[in-house]
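Participant: Need the 3D shape of this:
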Amino acid sequence: LFWITTTTITTTTTTSMFSRALSSTYSKSVARRCFSDASHKPLVDLHGLSARYANATYVAASKAGKLDQVEGELLALKDVASKNAAFAQFLDNPLISRTDKEAKIIELLSGSNASDITTNLMTTLAGNSRLGETTSIVDTYVELMKAKRGEVEAVIISADELTKAQKDAVAAAVTAQVGDGKQLVLSTQVDPSILGGLQIQIGDKFLDLSVSSKISEISRTPV
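Facilitator: Predicted coordinates:
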C-alpha cells in the first residue's frame, strides 16, 4: 500500500526525506545546552489531546536521556509532512486501516534509525487513528522543550524595520523583564498598520505601545 492512491510515493523516497530532515534538525538540537530533571516531569502543565501524547513522550524521552533526539525526530516528521503532500494525506486519510498505517509507519521509521520512543509514539497514534494530530503533538512537545531550556519567545512588531541599535535597545529592555535563568528568543515583524511605536508579545503577555492603539483610545474618549 502506498501513502495514497492519487499520488505515487515510495517508502524509500519518504524515508530519504525524513532522514535528510532529521539530519538537519538534530544537528541543531545537539548544540543546545543539556539539562537534568530527576522527576522527568514537564516544567509546564499543558492540557488537551495533543498535550496528553506530548507529555507521555516527553517523560519517556527524559527517562531515556533522549529529549533532544526525539525533538529532532519529531521536527523532521513535521518537516516532511509540510513538504510532502502524499505523506501529509497519508497521516490524515481515515480510509487507510489502522493496521496498514502502523505497518507503514514502522517501515518508514525503521529505515531512518529513529528512536524507539518516536516509533512508539507514531505507532500508537496510528493505532488510535490519531496520526492527523501529529503536527499539533510535535508543536506541543516543542513547547515543553522550550520550557525545559528556559526559552521565552518575544515578538517585536514595528511599523518600520528597526535598526540594529533599536533592536539591541528593545532586546535589552525585554530581557530585563523575562527574569534570571531565562533565555530570550527574539524575533521582529513589520506591520505598517500600527503607524508607529511598538507592539510587544512576550510569551502570553501582550503590550501595545503603538500609535494606532493611542488613536483608537483617543477616539473612544468622550470630549
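
Participant: who touches stretch 121-128?
Facilitator: 53, 56-57, 74, 77, 98, 101-102, 105-106, 109, 130-131, 133-134, 137 (Cβ atoms under 8 Å, 6 or more residues apart in numbering). Every residue, glycine included, has its C-beta placed from N, CA and C.

Participant: And those, which of them are buried?
Facilitator: 53, 57, 74, 77, 101-102, 105, 109, 130-131, 133-134, 137 (16 or more other Cβ atoms under 10 Å).

Participant: Quickly name whichever of these is closest to I117.
Facilitator: T57 (6.4 Å; Cβ to Cβ).

Participant: Check that closest one and give its pLDDT.
Facilitator: At T57, the pLDDT value in this model is 96.

Participant: Now the two most distant members of the contacts of stretch 121-128.
Facilitator: The widest separation within the contacts of stretch 121-128 (Cβ to Cβ) is 20.7 Å, between L74 and R98.

Participant: Could you measure from V174 over to G203?
Facilitator: 11 Å (Cβ to Cβ, to the nearest Å).

Participant: Name the residue in the two with the higher neighbour count.
Facilitator: Remark: of V174 and G203, V174 carries more neighbours, 18 against 11, as counted by other Cβ atoms under 10 Å.

Participant: What is the neighbour count of the nearest residue to that one once chain neighbours are set aside?
Facilitator: Distance criterion Cβ to Cβ, 6 or more residues apart in numbering; nearest residue to V174, sequence neighbours excluded, is A154 at 5.0 Å. A154 has 20 neighbours, counted by other Cβ under 10 Å.

Participant: my read is A154 is in a strand, agree?
Facilitator: Yes: the assignment for A154 is a strand, going by DSSP: H, G, I helix; E, B strand; the rest coil.

Participant: and it, what does it touch?
Facilitator: By Cβ under 8 Å, 6+ apart, the contact list for A154 reads V174, V178, L184, V185, L186, S187, I200, Q201, I202, G203.

Participant: then stretch 122-138 to PDB, C-alphas only?
Facilitator: The C-alpha coordinates for stretch 122-138 follow below in PDB (Å, rounded to 0.1, in the frame of the first residue of the first chain):
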ATOM      1  CA  MET A 122       3.800   7.300  15.900                       C
ATOM      2  CA  THR A 123       2.600   3.600  16.000                       C
ATOM      3  CA  THR A 124       0.400   4.500  19.000                       C
ATOM      4  CA  LEU A 125      -1.100   7.400  17.000                       C
ATOM      5  CA  ALA A 126      -1.700   5.100  14.100                       C
ATOM      6  CA  GLY A 127      -3.400   2.500  16.300                       C
ATOM      7  CA  ASN A 128      -5.600   5.100  17.800                       C
ATOM      8  CA  SER A 129      -6.400   6.800  14.500                       C
ATOM      9  CA  ARG A 130      -4.700  10.000  15.700                       C
ATOM     10  CA  LEU A 131      -1.900  10.400  13.100                       C
ATOM     11  CA  GLY A 132      -3.800  13.500  11.800                       C
ATOM     12  CA  GLU A 133      -2.800  15.100  15.100                       C
ATOM     13  CA  THR A 134       0.900  14.700  14.500                       C
ATOM     14  CA  THR A 135       1.800  18.300  13.800                       C
ATOM     15  CA  SER A 136      -0.100  19.500  16.800                       C
ATOM     16  CA  ILE A 137       1.600  17.000  19.000                       C
ATOM     17  CA  VAL A 138       5.000  17.900  17.700                       C
END
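
Participant: Thanks a lot, catch you later.
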